[in-house]
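Asker: just need the structure, nothing else, for what follows:
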Amino acid sequence: MKKILILHGPNLNLLGQRETDVYGHVTLDDINKDIKSVAQAEKVGVDFFQSNHEGELVSHIQEAPQNYGAIVINAAGYT
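Answerer: Numbers count the residues shown, from 1 in each chain. Down below sits the predicted model:
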């Protein structure tokens, strides 16, 4: 079964820690747990990767077709 790759961009690792008055207290782990719960209910595999480095994200995108049927990108600071 192909899986979905979820890529999270820069600064998302700091969710729940920085500027909580703007971004709230939800962490990236909280978000990933919610996504994983929905994926399991739909019987879909899902993997997560977060990086503050554009090149690492690009490398994961380029390698994804070998293992994933889809990619979801939360570009964060790259938008």
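
Asker: ends of stretch 40-59, how far apart?
Answerer: 26 Å (Cα to Cα, to the nearest Å).

Asker: list the buried residues of that stretch.
Answerer: By neighbour count on 16 or more other Cβ atoms under 10 Å, the buried set for stretch 40-59 is 46-48, 50-51, 57. (C-beta placed from N, C-alpha, C; glycine too.)

Asker: give me the contacts around it.
Answerer: For stretch 40-59, the surrounding residues in contact (Cβ atoms under 8 Å, 6 or more residues apart in numbering) are 1-13, 28, 32, 35-36, 39, 60, 68, 73, 78.

Asker: helices - which of those land there?
Answerer: Among the contacts of stretch 40-59, the members falling in helices (DSSP state H) are 28, 32, 35-36, 39, 60.

Asker: nearest to residue 18 among those?
Answerer: residue 28 (11.7 Å; Cβ to Cβ).

Asker: how close does that closest one get to residue 62?
Answerer: Distance, residue 28 to residue 62, using Cβ to Cβ, to the nearest Å: 23 Å.

Asker: equivalent analysis for residue 20, please.
Answerer: According to Cβ to Cβ, residue 20 stands 35 Å off from residue 62.

Asker: is it possible to mark the buried ones in the contacts of stretch 40-59?
Answerer: Buried by 16+ other Cβ under 10 Å: 4-10, 12-13, 28, 32, 35-36, 39, 60, 68, out of the contacts of stretch 40-59.

Asker: pLDDT below threshold where in this structure?
Answerer: 1 (pLDDT under 70).

Asker: all strands of it, in order?
Answerer: Along the chain, the segments classed as strands by DSSP state E run 3-8, 45-50, 68-74.

Asker: residues contacting residue 60?
Answerer: Contacts of residue 60 (Cβ under 8 Å, 6+ apart): 5, 7, 49, 51.

Asker: hey, what's the nearest residue to residue 67 once chain neighbours are set aside bridged with?
Answerer: Among residues not flanking residue 67 along the chain, residue 3 sits closest, at 6.8 Å (Cβ to Cβ, 6 or more residues apart in numbering). Under the criterion DSSP bridges, residue 3 forms beta bridges with residue 45, residue 68.
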